[in-house]
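Engineer: Predicted model and sequence follow; I will ask about them next.
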Amino acid sequence: MEHDHSHSANKKSLMFSFIIITVFMVVEVIGGLITNSLALLADAGHMLSDSISLGVAFLAFTLGERSANYDKTYGYKRFEILAAVFNGVTLVLIAGYIFYEAYHRFVNPPEVASTGMLLIATIGLVVNLIVAWIMKKGDTEENLNLRAAFLHVLGDLLGSVGAIVAALLIMFFGWGWADPLASVLVSILILISGFRVTKESFHVLMEGTPKNVDMDEIIETIENVDGVHSIHDLHVWSITSGQNALSCHAVVDPDLPIRDCQLILKKIETDLEEKGVGHVTVQLESEDHGHGDSLVCHHDQKA
């Protein structure tokens, strides 16, 4: 129930953010062309990416609501992670393009209409603050899809701050190089954010262990359940952000009645849910049941 509420809040945040960002993006593109400001055009380009990424993120949440079927047994929830990868890679590409444009601006600084640049950048800052506030109401910590979109907005916010500072430096000191310098500084932050989101998204796609899961603690939790002697073939991964899954084999006495086996399974599921793992599949077996030499087959192979 809590996940459903969070999902609805995330989706609503994305919808409102998409509308606001798209409208102002058009304004900033026009303003950047009129004032000949790279800082504004860079921010506008980032906003265009935001508009696309927010739309993709919203689509991901919408598709994620589709029910599982025989063809997609987990449903379409993993689409959120694909959207996060798209957003992360886009951030990196945008940063690279701004670096390229800034280089030419350093070599041959153009005239910039600093007053118009300052006005549009200030409005942009206000818009981005509003959007960031809206999105912060969602789950930007655990949901990779929403966090990727949120980082896009933070990049825009920093871009607006950079454009304001650059406009003031041009107005009062005539430092034309301040415009491309502001673009470069913001691009560095955008590059870092894009790399982190992309890295975390690929970790989920590779079914890596979720960052909020301690494997040693998981092993101890299961093996502390009465009736469980040991476990092996342990796998923990994320279906999508905030939905962790686990599968393993647990060794129990071969003569245990079915009722006791059910109690063991129920206890494991309850204990693991408290550790952030909600989708649990456990196979109970005896000591003589054959198994491969995989993770946690032996206690000295924990990794």
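Structural biologist: Good, I have the coordinates. Numbering: from 1, shown residues only.

Engineer: Would you check how far apart the residue nearest to Asp233 when sequence neighbours are not counted and Phe173 are?
Structural biologist: Among residues not flanking Asp233 along the chain, His249 sits closest, at 4.6 Å (Cβ to Cβ, 6 or more residues apart in numbering). Glycine gets a C-beta too; all of them are placed from N, C-alpha and C. Using Cβ to Cβ, to the nearest Å, His249 is found at 70 Å from Phe173.

Engineer: Mind checking which of the two has more residues around it?
Structural biologist: His249 (18 against 9; other Cβ atoms under 10 Å).

Engineer: Assign a three-state SS to that one, would you?
Structural biologist: strand (DSSP: H, G, I helix; E, B strand; the rest coil).

Engineer: quick one: pLDDT of it?
Structural biologist: On the pLDDT scale, His249 is placed at 92.

Engineer: pretty sure it is in contact with His232, am I right?
Structural biologist: Yes. Counting by Cβ atoms under 8 Å, His249 touches His232, with 5.3 Å between them.

Engineer: give me the beta-bridge partners of the residue nearest to Asp233?
Structural biologist: Following DSSP bridges, His249 is listed with bridge partners His232, Gln283.

Engineer: quick one: it and Val92, what's the gap?
Structural biologist: For His249 relative to Val92 (Cβ to Cβ), the value is 41 Å.

Engineer: What of Leu14?
Structural biologist: From Leu14 over to Val92 (counting by Cβ to Cβ), the distance is 21 Å.

Engineer: Show me which of those two is the more surrounded one.
Structural biologist: Between Leu14 and Val92, counted using other Cβ under 10 Å, Leu14 has the larger neighbour count: 27 against 16.

Engineer: how about the more buried one, secondary structure?
Structural biologist: Secondary structure, three-state DSSP: Leu14 is helix.

Engineer: For the residue lying closest to it once chain neighbours are set aside, which residues are in contact?
Structural biologist: Counting by Cβ to Cβ, 6+ apart, Phe58 is the residue found nearest to Leu14 once chain neighbours are left out, at 4.4 Å. Phe58 makes contact with 11, 14-15, 18, according to Cβ atoms under 8 Å, 6 or more residues apart in numbering.

Engineer: residue furthest from the geometric center of the chain?
Structural biologist: Distance to the chain centre peaks in the chain at Asp255, reaching 46.9 Å (criterion: Cα atoms, centre = their mean).

Engineer: Just the element for that residue, please.
Structural biologist: Using DSSP states H and E, Asp255 falls within no helix or strand.

Engineer: how close does it sit to Glu217?
Structural biologist: According to Cβ to Cβ, Asp255 and Glu217 sit 30 Å apart.

Engineer: tally of neighbours for Lys211?
Structural biologist: Quick note: Lys211 (other Cβ under 10 Å) scores 11 neighbours.

Engineer: Which pLDDT value belongs to it?
Structural biologist: pLDDT for Lys211: 83.

Engineer: Validate this expectation: it resides in a helix.
Structural biologist: No. The assignment for Lys211, made by three-state DSSP, is coil rather than a helix.

Engineer: For it, which residues are in contact?
Structural biologist: Here Lys211 is in contact with Glu200 (Cβ under 8 Å, 6+ apart).

Engineer: gap between the residue lying closest to Tyr74 once chain neighbours are set aside and Asp214?
Structural biologist: Nearest residue to Tyr74, sequence neighbours excluded (Cβ to Cβ, 6+ apart): Ile239, at 5.5 Å. Taking Cβ to Cβ as the measure, Ile239 falls 19 Å from Asp214.
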